[in-house]
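Trainee: here are the coordinates; sequence isn't available:
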């Protein structure tokens, strides 16, 4: 399993992914799920993957091999805008599907993959997409501040309650880390280290790419204090006094 | 969809269920999912259901018809203990399966059902079970304070952080309502009114059975204040100052 969240703010974009993959609980490994494609000053794209690791790794390998295949070959370095980038990712995923889906089906293995793609290409504002296994995709609109893939439910309520487009980037990072903590607490197959990527609007480069593990002092303090705060908030709420006569 | 949670505390048991069922988003109805079987002073059993409504309703009808079929017929009124009650519920579910599973399969409809069964029968302590569609079941051990069925993920983190066996019943009710609120906020197919049932240990009767809708002043105050508290707790946490140079 995986948990990835990508946020689109006025200030820029925040991407957070865990790094655990599993094929059953007895086969757990660490794989990075975050990939950056950058031409500093002109474009920056960030991609996070969930689903069948063989499928998503094949897709990333194919995306990469196209980067260096010359200007005649469409790639994430030469697509004109983020819409074209999302279509390019979707089409690459379809190439993997054409090659592998039948082989997987013979073993009753589902061809599943979800991708968060965000970034900015000179000439337009930052944009955020989710690309599905079928190669189709949706884009975040002003009402949609974030996309999640993988094990999204445990970490969703805190995002819904705290994040809007106007949220500053440091608050969004704080929220993403709390959301991840709630997920890790509830799902063994989501695990450290985390990959955090921040991109400022109109910077066309990655501002921060950091690996966060259990030793990270900010994250470990946040985990402890958030638990205490929740517990405190819970205690402060009125008890149901209409139960007093129970 | 459904969300039900049953908690087993030293003080007694708390059961909370929503009442929404849906067959697609364009076919949403209100059905009660909580059923009480009580012989005051001797036994009290509470059952909550999720899954295919036709399956769970058939099961409840069969459980009820056995109640009045005489002492020779095993029923929830004459099983000697809660283990036998869980087995009785499981076997009744298997009878529904025998009758209906093939017919459902012809329309590719899955035979799915999950049941929370809790209660106390004179001679033993209160016990809490989850019964699965296959008729098998698990019981809460001292490490397991609660069971959930249906859309369980959104509402799980708050329970994990606040409830133990020693939690007083009013705190458990507060927690169950917050857990339900988080679920309702995130999943359209879980909805009001709620059915709340409380059973005190060794009372062998229902202490409270209340329907809670949007007009309930405690629940609506709790929803507002919990959102504010979470937001406040979030604001109070330190920002990631290592992002300052972004």
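Mentor: Done, it's in. Given the structure is predicted, the values throughout are model-derived calculations rather than measurements.

Trainee: Briefly note if stretch A:193-212 comes near chain B.
Mentor: Yes. Part of stretch A:193-212 sits near chain B under the criterion Cβ under 8 Å from any Cβ of the partner chain, namely A:198, A:200, A:207, A:208. From N, CA and C alone the C-beta is placed, and that goes for glycine too.

Trainee: Please indicate which of these are buried?
Mentor: Among the residues of stretch A:193-212 next to chain B, the ones that count as buried by 16 or more other Cβ atoms under 10 Å in any protein chain shown are A:198, A:200, A:207, A:208.

Trainee: wait, which of the residues you listed is closest to chain B?
Mentor: Using Cβ to the nearest Cβ, residue A:207 comes nearest to chain B of these, at 4.7 Å.

Trainee: That closest one is in contact with residue A:12, isn't it?
Mentor: Yes. In this structure residue A:207 lies within contact range of residue A:12 using Cβ atoms under 8 Å: 7.2 Å.

Trainee: Could you tell me whether residue A:227 really is in a strand?
Mentor: No. In this structure, residue A:227 is helix, not part of a strand, as judged by DSSP: H, G, I helix; E, B strand; the rest coil.

Trainee: ok, now which ones touch it?
Mentor: residue B:161 (Cβ atoms under 8 Å, 6 or more residues apart in numbering or on different chains).

Trainee: before we move on, back to that, how about TSV for the buried ones among the residues of stretch A:193-212 next to chain B, with pLDDT and secondary structure added?
Mentor: Shown next, in TSV, are these (pLDDT from 0 to 100; DSSP: H, G, I helix; E, B strand; the rest coil):
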residue	pLDDT	secondary structure
A:198	97	strand
A:200	96	strand
A:207	94	coil
A:208	93	strand
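
Trainee: Widest-spaced pair of these?
Mentor: Of all pairs drawn from those, the one with the longest distance (Cβ to Cβ) is A:200 and A:208, at 9.3 Å.

Trainee: what is in contact with residue A:207 and residue A:12 at once?
Mentor: Residues within reach of residue A:207 and of residue A:12 at once, by Cβ under 8 Å, 6+ apart, are A:198, A:199, A:200.

Trainee: I'd like those residues as JSON lines, with distance to residue B:96 appended.
Mentor: Shown next, in JSON lines, are these (distance: Cβ to Cβ, whole Å):
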{"residue": "A:198", "distance to residue B:96": "54"}
{"residue": "A:199", "distance to residue B:96": "54"}
{"residue": "A:200", "distance to residue B:96": "59"}
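
Trainee: Show me the strands in chain A, by range?
Mentor: With strands called from DSSP state E, chain A shows them at A:3-8, A:12-17, A:20-22, A:28-30, A:34-39, A:43-51, A:113-121, A:127-132, A:137-139, A:146-150, A:194-200, A:208-212.

Trainee: thought residue A:182 was touching residue A:154?
Mentor: Yes. Assessed by Cβ under 8 Å, residue A:182 is found in contact with residue A:154 at 4.8 Å.

Trainee: overlap in contacts of those two?
Mentor: residue B:157.

Trainee: The two: which is more packed in?
Mentor: residue A:182 (28 against 25; other Cβ atoms under 10 Å in any protein chain shown).

Trainee: so what's the more buried one scoring on pLDDT?
Mentor: pLDDT for residue A:182: 90.

Trainee: Likewise for residue A:157?
Mentor: pLDDT, residue A:157: 88.

Trainee: same check, this time on residue A:214
Mentor: pLDDT, residue A:214: 89.

Trainee: for residue A:149, same thing?
Mentor: Confidence for residue A:149, expressed as pLDDT, is 96.

Trainee: can I assume it is in contact with residue A:34?
Mentor: No. Contact criterion Cβ under 8 Å: residue A:149 and residue A:34 do not qualify, at 11.8 Å.

Trainee: Can you work out which residues contact both of those two?
Mentor: Counting by Cβ under 8 Å, 6+ apart, the residues touching both residue A:149 and residue A:34 are A:4, A:48.

Trainee: The longest helix along chain A packs against which elements?
Mentor: Ranked by residue count and defined by DSSP state H, the top helix of chain A is helix A:82-105. If you count contacts as 3 or more Cβ pairs under 8 Å, 6 or more residues apart in numbering or on different chains; DSSP states H and E, helix A:82-105 packs onto strand A:43-51, helix A:53-67, strand A:113-121, strand A:127-132, strand A:137-139.
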